[in-house]
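Chemist: below are the sequence and a predicted model for it; my questions follow.
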Amino acid sequence: MNFTKMNGLGNDFIIVAHFETLPENASDMARVMCDRHFGIGADGLVFVLPSDKADVCMRIINADGSEAEQCGNAVRCVAKYAYDHGIARKEALTVETLAGIQRVWLTVENEKVSLVKVDMGAPILYGPSIPVAIDREQVIDHPIEAEGKTFSFTGVSMGNPHAVIFVDNALDFDVEKWGSLLEKHSLFPNKANIEFVSVTSPQEVEMRVWERGCGQTFACGTGACATVVAGALTGRTNRRALVHLKGGDLEIEWAETDDHVYMIGPAEEVFTGTWCKR
Ligand SMILES: N[C@H](CCC[C@H](N)C(=O)O)C(=O)O
């Protein structure tokens, strides 16, 4: 089985594009292929499938075998893959996901996609647990406790659940310890992606992330979107901000015109290969 290895700011994926529908053993495939010692190694396994509603369909399986509703970095990779490999040779296309149809705009240089803009749709605000939707004028920061330490989070869904926690300095925060504890907290019956964010200015933040189903990653597109929504709602940031991640930067805007969140960032194809293991 042929595959293509891609990433969005170091959030890396195995792209498989020759199934008509999601294989029944997709979760097992993800666990084996994403293993960084006995497999190819990746944060997720991404299936590029035909769609009757969009130019292409994306299904994303985390490294632990759980399926996610949405994945911002993977949507950029899938859009690039579709253009570069001739599935949808156009600079504005649509990607069907479990979170809905995503509009995508491509920047092409030397016949290859270098930058991708995605309409990630409108956010849903959660709290005091996820997924308990609340109105926007309700309390935004919700308390959450782990091992005797209390944090406050803003719950935001971009189709997948995020708990955004503002801290003094995200760069030296113990993401492994607290992210792994909070991902599976009882307030998050479907688990959650945990973002730790420090605000540099109203238009610039540092974000580190512990992702549901794969641990700490170099970048999280939906997490960056959730971060700017949480920052704007709590008065910490503007609705447009540059999110600095371990693997690079994402430009995020939560537009007032349509309440949608727009994300601009790169996508990279690294290598192709053939999977030989049973
Ligand atoms: N682990 C996430 C899916 C991947 C999201 C992230 N890689 C992104 O770029 O949005 C979840 O289970 O919701």
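Modeler: Alright, I've got the coordinates.
Chemist: got phi/psi on the spatially closest residue to Glu176 that is not a sequence neighbour?
Modeler: Counting by C-beta to C-beta, 6 or more residues apart in numbering, Glu176 lies nearest to Gln216, which is 6.1 Å off, once chain neighbours are set aside. For the C-beta atoms, the positions are set from N, CA and C on the backbone; glycine is no exception. Backbone torsions of Gln216, given as degrees, to the nearest 10, read phi -70, psi 130.
Chemist: then the one 10 residues further on?
Modeler: Comment: the main-chain dihedrals of Ala226 come out as phi -60, psi -40, following degrees, to the nearest 10.
Chemist: pull up the gap between it and Tyr126, please.
Modeler: 10 Å (C-beta to C-beta, to the nearest Å).
Chemist: shared neighbours of those two, anything?
Modeler: Val156, Ser157 (C-beta atoms under 8 Å, 6 or more residues apart in numbering).
Chemist: now do the contacts for the residue nearest to Glu176.
Modeler: Counting by C-beta under 8 Å, 6+ apart, Gln216 has contacts Val175, Glu176, Gly179, Arg208, Val209, Trp210.
Chemist: Ala226 and Tyr126: which has the busier surroundings?
Modeler: Ala226 (34 against 24; other C-beta atoms under 10 Å).
Chemist: I'd like to know how far the more buried one sits from the ligand.
Modeler: According to C-beta to the nearest ligand atom, to the nearest Å, Ala226 stands 9 Å off from the ligand.
Chemist: please report how far that residue lies from Gly121.
Modeler: Ala226 sits 12 Å away from Gly121, going by C-beta to C-beta.
Chemist: what sits in contact with each of those two?
Modeler: By C-beta under 8 Å, 6+ apart, the residues touching both Ala226 and Gly121 are Met158.
Chemist: other SSEs contacting the lowest-mean-pLDDT helix or strand in the chain?
Modeler: None of the helices or strands of the chain scores lower by mean pLDDT, DSSP states H and E than strand 124-126, at a mean of 89. Strand 124-126 sits against strand 149-157, with contacts defined as 3 or more C-beta pairs under 8 Å, 6 or more residues apart in numbering; DSSP states H and E.
Chemist: what helices or strands is the following helix or strand past the strand it packs on leaning on?
Modeler: Later in the chain than strand 149-157, the nearest helix or strand by DSSP states H and E is strand 161-166. Applying 3+ C-beta pairs under 8 Å, 6+ apart, we find strand 161-166 packed against strand 149-157, strand 193-201, helix 221-233.
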